[in-house]
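*Asks:* My questions concern the predicted model and sequence given below.
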Amino acid sequence: MSSHVQVASDYSRRYINRLGLWFFIISESTVFAALLWARLYLQGAMRPQHLNQTIGLAITSLLLLSSLTAYRAEAAHAAGRGLVRRRWLLMTLGLGLVFLAGVGVEWREAFQLFPPEGGFGSIFFIMTGMHAFHVLTGLLMIGLLLLSQRRGRMAEPEHWGTEAVVKYWHFIDVVWVFFYPAIYLIS
Amino acid sequence: MSEKDERQRARTGWWVFAGLAMLTAAEFALSAIVRPALPWLILTAILKAGLIVIFFMHIGQLRHQGRAE
């Protein structure tokens, strides 16, 4: 009897966790939607000709690939394969770090070509900066997951932490799916 | 989840990634070829976001409260 109650309680708790995370994601989306709208409102279809398209496409591909590795980590976790999960999480972490390095390279060029004082520069830096900050927080959470695993926590497939962090990581990817064409491709 | 289910999910993951990569290549090409490209870029972005939200973020889970996973 008590085990039935426990199972029901676990499911409703998981459902509430998911619902809460989705509400959080929706609220975060409004911030990014405002930035996207600001970019289109302030600059229209204008973009500088010397935007580094190679870096833009490269970091976009890296982030998409990191979504796949995060997805595989979640699947391995659900299957109770801790070591495999760890490997995929480490790959996600690495790809995220390379993404941030790519943004850093882009920023170094951008400071010279369209500084933050200008129209496009201001919206470029706020959009990429806000997104990079979220990537950084995602990386910190992945790091915490890996540390927790080393300490023997989060071993059970039912544990919510991996699913929550992976969903957040995918959300960061969705944001970039809209930011990439808005920054690099519209003309 | 069994290892077989995990392999199935892995296949799904690769298909979704392939779809995302193709759509990214398409939007890159469209931005260079089509004028105005904005409607097409919006469409490809929505398709890509849809793939991620449906397959990677499992938004359908919200409809399965209380069911075994």
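*Replies:* Looks like it came in fine. Numbers count the residues shown, from 1 in each chain, chains lettered A, B, ... in the order given.
*Asks:* same for the helix or strand harbouring residue B:41, what does it pack against?
*Replies:* Assigned by DSSP states H and E, residue B:41 belongs to helix B:38-51. With contacts defined as 3 or more CB pairs under 8 Å, 6 or more residues apart in numbering or on different chains; DSSP states H and E, helix B:38-51 has these neighbours: helix A:160-180, helix B:3-33. All C-beta atoms are positioned from the backbone trio N, CA, C, and that covers glycine.
*Asks:* The first one vs helix B:38-51, what angle?
*Replies:* Right, helix A:160-180. Interaxial angle of helix A:160-180 relative to helix B:38-51 (axes from the mean of the first three to the mean of the last three CA atoms, to 10 degrees): 170 degrees.
*Asks:* name the helices or strands packed onto helix A:160-180?
*Replies:* By 3+ CB pairs under 8 Å, 6+ apart, helix A:160-180 packs against helix A:2-43, helix A:53-78, helix A:82-113, helix A:119-150, helix B:38-51.
*Asks:* Show me which residues of the third one are buried.
*Replies:* Applying a neighbour-count criterion of 16 or more other CB atoms under 10 Å in any protein chain shown, the buried positions in helix A:82-113 are A:82, A:84-86, A:88-89, A:91-93, A:95-96, A:98-99, A:102-103, A:106, A:110, A:113.
*Asks:* just the residues you listed that are near chain B?
*Replies:* Checked against chain B using CB under 8 Å from any CB of the partner chain, the buried residues of helix A:82-113 give no members in range.
*Asks:* any residues touching the helix holding residue B:41, and which ones?
*Replies:* A:45, A:174, A:177-178, A:181, A:185-186, B:16, B:19-20, B:23-24, B:26-27, B:30-31, B:34 (CB atoms under 8 Å, 6 or more residues apart in numbering or on different chains).
*Asks:* For it, list every residue counted as buried.
*Replies:* Applying 16+ other CB under 10 Å to helix B:38-51 flags B:38, B:40-41, B:44-45, B:48-49, B:51 as buried.
*Asks:* which of those residues lies closest to residue A:136?
*Replies:* residue B:49 (21.8 Å; CB to CB).
*Asks:* Next one: that closest one, what pLDDT does it get?
*Replies:* At residue B:49, the pLDDT value in this model is 97.
*Asks:* Of the helices and strands packed on helix B:38-51, which is nearest residue A:24?
*Replies:* helix A:160-180 (8.4 Å).
*Asks:* what's the angle from the closest one to helix A:82-113?
*Replies:* Using the same axes, to 10 degrees: helix A:160-180 against helix A:82-113 is 30 degrees.
*Asks:* Identify each buried residue in helix A:160-180, please.
*Replies:* Applying 16+ other CB under 10 Å to helix A:160-180 flags A:162-180 as buried.
*Asks:* shaky segments in chain A?
*Replies:* Within chain A, the segments meeting pLDDT under 70 span A:1-11, A:152-158.
*Asks:* give me that answer again for 80
*Replies:* For chain A, the stretches flagged by pLDDT under 80 are A:1-12, A:45, A:149-159, A:187.
*Asks:* just chain B next, same as before
*Replies:* Using pLDDT under 80, chain B drops low at B:1-6, B:61-69.
*Asks:* Give me every residue in it lying close to chain A.
*Replies:* Residues of chain B lying near chain A (CB under 8 Å from any CB): B:1-3, B:5-6, B:9-10, B:13-14, B:16-17, B:20-21, B:24, B:27-28, B:31, B:36-38, B:41-42, B:44-45, B:48-49, B:52-53, B:55-57, B:59, B:61-62, B:65-66, B:69.
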